[in-house]
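J.: predicted model follows, preceded by the sequence.
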Amino acid sequence: MDSPGIVIGFYMMAGLVLGSGTLVFLARNLLHALAFLVISFLGMAGLFLTLSADFIAMAQILIYAGSISVLMVFAVMLTPLASRDNGNTIYVLPGLLAAGGIATFVGFLALDTSWSGPATDFTTTIDLIGNLLLGKYVLAFEIASVLLLFALIGAIMLVQISPSDPEEGEGR
Amino acid sequence: MTGISELIFEIGLVHYLIVSGSVFGLGTAIALGKRSAIAVLMGIELMLNGSILALLAFSRFPQNTSSEAGLVDGHVFVVFILSVAAAEAAVALALSVLVYRKRETVDLDRINLMRW
Amino acid sequence: MSSDTRPATPMSRQIAEHRSLLDRALGLPKLVLVALSVALIGFVISQILIGYMVVSGQLDGKWYDIRDFGNAMVSLSDAINSSGMDSRIASTLTYLIPTLLGATGIVSVVGGWLLIGPWAERRLLAKFQIRQGPNRTGPFGLLQSLADALKLMQKEIIIPRGADRFLYFAPPIAVFIPAILGWAPIPWSPKMSYADLDVGVLFVIAISSLGVLAVFMAGWASNNHYSLLGAMRTIAMMISYEIPISVSLLAVVLLTGSTKLSEIVMWQSEQGVWLIMLIPFAALAFLFASTAEINRTPNDIGEAESEIVAGFYTEYSGMKAGLFMAVELGNAILVGALMSTFFLGGYTFFGLETWIPGYLILATKIGLVYFLFVWIRATLPRFRLDQLMGFAWKFLIPVSIALMFLTAIESSILVRWDAPSFLSLGLIALVNVAAAVGLTFVWMRVLFRDTDLSAPPAPILTRKMGGLQAAKVLRG
């Protein structure tokens, strides 16, 4: 059914995502964890490409690998004394147990159910997505834009150093 | 025997769902088990990525192929998830910078002012 | 003694004894000259012949237009498919061979530019400043970049104390990935494109946002304040100038109605107009913002050598520093290619592409944009960080978003209105130029309405210390 390129690509990308995701967990340094996280996001974009979701793959690279990780970089740099360490809490064992439980549950469900659908081959997704976004889902689209605007204003309001309050400005 | 080789060499919905579940689980482990607020945020982003992968896989292997436009519904959902993730990351990182200014730490175990 | 004989300073003697490139080219051995000119004339005649055969339809259906390497790849895969191999092996081969050949082609084009580019830039800068430039190594100093690379490779690799080993060694390699990947969607001829993606414009934007992280990692891992400062400046500048780039490319997509780079070029070729004529502000914003994105003068504050030693790669030595410099150049020609593809008609030149190969036209355009970069570097001083950020956020982003809305209205009218294209496109061009000039003027008036430009504000320190008041009292 699939060409060998897709199969090889899927396994490579899945290995990249899971391996670097594990390294995010294991890395001692927070910035190393961040670097592995970026690699994991890129591998995820590769997985999206094997699903022939080219627009989403590009959006993934642009938003996750390009913007959110840069935001995290800024947060790490603005909290200089606190956030170099990637240590664990006492909840690491319950966390790992929950992780294993979720992965096993989803894997079992996926293997147990008989999925019937054939694969659809999109020639291009970008115009379909555009039509849906400005047609059927236009209200949600507008609400998402308002949400982004509020997030922008809220983030600025939160970290703003007001000049009248000198004590606030001594954070660094 | 053929079932196993088919499972390995025929990439289907199952494979993507397994990867998606594993990534979601990894994200959960990181979000629960890490001390730094920024690392917790990384875990949450990984969880979102796992769910995005599941959505895209379902829209690639649809169970109900009634209309062409309905096939990319998953992609549209993903667009909204991406925008929510961006907003969430911006606000959460602003909050952690703010907490650092007040408390000189982003260690979640030591931010315990509201504890009872 | 006539009055116009001046004392012969070394400078004036140098100018008087200066021989141009043409003079020295004519001084080459006769045999070389004859061979070169014969080769040139033969090339031109053969291209004109092929162009004539294409236009008169003799090549159609019989043999491919051999100048387009995309056609060669098609015939190669046809040959593989018809050779009677196992279908799985054949499909793998048709997939693998063009991929490898194309990748080799892109890498060798970039590598060739990396060898010639620094020499060209230094020679041109020298011409702008009435100097000689590198002229010792090889003919006209052409081997200068090779010598530099050899020198850099021999240097000792110094790792600063306290540096983060993993994050210190990864960036010089990682920073090359977007610089090479960005060449993938660029069309060199009608069928000659490595990966003609449906989402080519998005791909370009996404790839260009990846370099930021490598720069940050380099600056942070060096354990040096200058490096960190340079990295912070570069990141702040890059994420600010990504927005004007995206908005101006959005204007391109709105007009052409496609995110495929080959279709953008085809639209320009069919309408017989370059997009820089229709949306000049978007083109200029793209050019300026990309000089910021790739760290070139006048926006190279990330590695401003007069302020912070070499910015984010202060602590790198040997070939690692060389890789950072090479990436800068590679990005410059990549931006040249994108600029030519989006705004300058790509591989087309008003019908000339039938007569000479499209990739030569594109290479010429890349060279011209690169010359523009060198010209800007020789002319403009470096901006300050706050000036740059203010320019991006206060001027470039609002004005380009407003003009993008105007372009959206125009393109929706263009789709519905059934007018001859020269009329509608001419109207669009006129309206856009007028709107760009008017908006710039009005917006500047709004921004600087409280500022008395004839009297610059006094420095804050003086004002706080009461120095100005004291001076007034003294004077009064």
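T.: Thanks, I have the structure now.
J.: how about the residue lying closest to residue B:54 once chain neighbours are set aside, phi and psi?
T.: Using C-beta to C-beta, 6 or more residues apart in numbering or on different chains and skipping the chain neighbours, the partner closest in space to residue B:54 is residue B:20 (4.2 Å). All C-beta spots, glycine's among them, are computed from the backbone N, C-alpha and C. Backbone geometry at residue B:20, expressed as degrees, to the nearest 10, gives phi -60, psi -40.
J.: was I right to think residue B:20 contacts residue B:50?
T.: Yes - assessed by C-beta atoms under 8 Å, residue B:20 is found in contact with residue B:50 at 4.7 Å.
J.: residues in contact with the residue nearest to residue B:54?
T.: A:106, B:50-51, B:53-54, B:57 (C-beta atoms under 8 Å, 6 or more residues apart in numbering or on different chains).
J.: which residue, other than its chain neighbours, is closest to residue C:402?
T.: Nearest one to residue C:402, counting by C-beta to C-beta, 6+ apart, is residue C:439 at 6.1 Å.
J.: tell me which element the one you found falls in.
T.: Assigning secondary structure by DSSP states H and E places residue C:439 in helix C:421-447.
J.: and what of residue A:32?
T.: Assigned by DSSP H and E, residue A:32 falls in helix A:30-50.
J.: from the chain's centroid, how far away is that helix?
T.: 8 Å (C-alpha atoms, centre = their mean, to the nearest Å).
J.: how about stretch C:145-158?
T.: 26 Å.
J.: low-confidence regions, chain C specifically.
T.: C:1-28, C:57-67, C:305, C:451-453, C:455-476 (pLDDT under 70).
J.: number of nearby residues for the residue in it positioned nearest to chain A?
T.: The minimum distance from chain C to chain A, using C-beta to the nearest C-beta, falls at residue C:209 (3.1 Å). Residue neighbour count, defined by other C-beta atoms under 10 Å in any protein chain shown, stands at 24 for residue C:209.
J.: repeat that for residue C:144.
T.: 21.
J.: contact partners for residue 35?
T.: This is for chain A. With the criterion set at C-beta under 8 Å, 6+ apart, residue A:35 makes contact with C:166-167, C:170, C:213, C:217.
J.: not what I meant, chain B
T.: A:85-89, B:107-109.
J.: same check on residue A:75?
T.: Residue A:75 neighbours (C-beta under 8 Å, 6+ apart): A:83, B:38, B:93, B:96-97.
J.: neighbour-wise, which one of those leads?
T.: residue B:96 (28 neighbours).
J.: distance of that residue from chain A?
T.: As defined by C-beta to the nearest C-beta, to the nearest Å, residue B:96 lies at a distance of 6 Å from chain A.
J.: can you point out the helix or strand that includes that residue?
T.: With DSSP H and E as criterion, residue B:96 is part of helix B:73-103.
J.: wait, does that helix contact chain C?
T.: No - shown here: helix B:73-103 not in contact with chain C (C-beta under 8 Å from any C-beta of the partner chain), separated by at least 12.3 Å.
J.: so where's chain A uncertain?
T.: Looking at chain A by pLDDT under 70, you get A:1-3, A:81-83, A:116-122, A:162-172.
J.: in it, which residue is closest to the centre?
T.: residue A:64 (5.5 Å; C-alpha atoms, centre = their mean).
J.: quick check, it in a helix?
T.: Yes - the assignment for residue A:64 is a helix, going by DSSP: H, G, I helix; E, B strand; the rest coil.
J.: all helices of chain A, in order?
T.: A:4-26, A:30-50, A:54-60, A:69-78, A:92-112, A:126-133, A:138-159 (DSSP state H).
J.: what sits against the residue positioned nearest the centre of chain B?
T.: The structure's chain B has its C-alpha centroid closest to residue B:48; by C-alpha atoms, centre = their mean the separation is 1.7 Å. Applying C-beta under 8 Å, 6+ apart, we find residue B:48 in contact with B:27, B:81, B:85.
J.: pretty sure the second one sits against residue B:52.
T.: Yes - under the contact definition of C-beta under 8 Å, residue B:81 touches residue B:52, with a separation of 5.7 Å.
J.: neighbour count: those two, which is higher?
T.: Taking other C-beta under 10 Å, residue B:81 and residue B:52 do not tie; residue B:52 has more neighbours (28 against 17).
J.: ok, and the closest non-adjacent residue to the closest residue to chain C within chain A?
T.: The minimum distance from chain A to chain C, using C-beta to the nearest C-beta, falls at residue A:66 (3.1 Å). Distances taken as C-beta to C-beta, 6+ apart put residue C:209 closest to residue A:66, at 3.1 Å, once the chain neighbours are dropped.
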